[in-house]
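Asks: Any chance you could fold what I've pasted below:
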Amino acid sequence: MTLSLARLESLLQSLPNRYPSLLIDRIEAVEPGSEARGMKCVTINEPCFQGHFPGYPVLPGVLVLEALVQLSIVLAHATDADASYVVTGIDGVRFKRQVVPGDLLRLESRMAPGAVFAVQAWVGDQLAAEAQVTLGAGA
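Replies: This next block holds a predicted model:
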């Protein structure tokens, strides 16, 4: 099932995060119960680059993971709009490539049984990060 642009944007608005904590610039596709794809445009204007690191800006890995978690929450919300979600686990984290200003970070989340999500972040055809995210019911 392909969702309309308006529905994709409403899913993005369902996240409680706002600038500078919202780390998804665009949701490209959501297949409820299956997978989601989004993007993060990494610019030198990101607040984290003021100190990470002067003269050699690198997007912190924790922010790459946060973008992947946010996309997974969007997918979970598209699957069950009446529930709220919190992260209960992140396993198997691997960073494969640094993410720097000018990169277009392609985000992917695939849902498995038990609110487990296989997530990957790509820059072009290079894998930048991967992990397994587990979500639980929020308050």
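Asks: which residues in this protein form helices?
Replies: 5-13, 61-79 (DSSP state H).
Asks: Hmm, Glu46 is touching Pro60, no?
Replies: No - counting by Cβ atoms under 8 Å, Pro60 is not a contact partner of Glu46; they are 9.6 Å apart. Glycine gets a C-beta too; all of them are placed from N, C-alpha and C.
Asks: Report the buried residues of stretch 96-115.
Replies: By neighbour count on 16 or more other Cβ atoms under 10 Å, the buried set for stretch 96-115 is Val99, Asp103, Leu105, Arg106, Leu107, Glu108, Ser109, Arg110, Met111, Ala115.
Asks: Need the residues you listed in TSV (columns: distance to Gln50 and pLDDT).
Replies: Shown next, in TSV, are the buried residues of stretch 96-115 (distance: Cβ to Cβ, whole Å; pLDDT from 0 to 100):
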residue	distance to Gln50	pLDDT
Val99	16	98
Asp103	18	98
Leu105	19	98
Arg106	25	98
Leu107	24	98
Glu108	29	98
Ser109	29	98
Arg110	34	98
Met111	35	97
Ala115	35	91
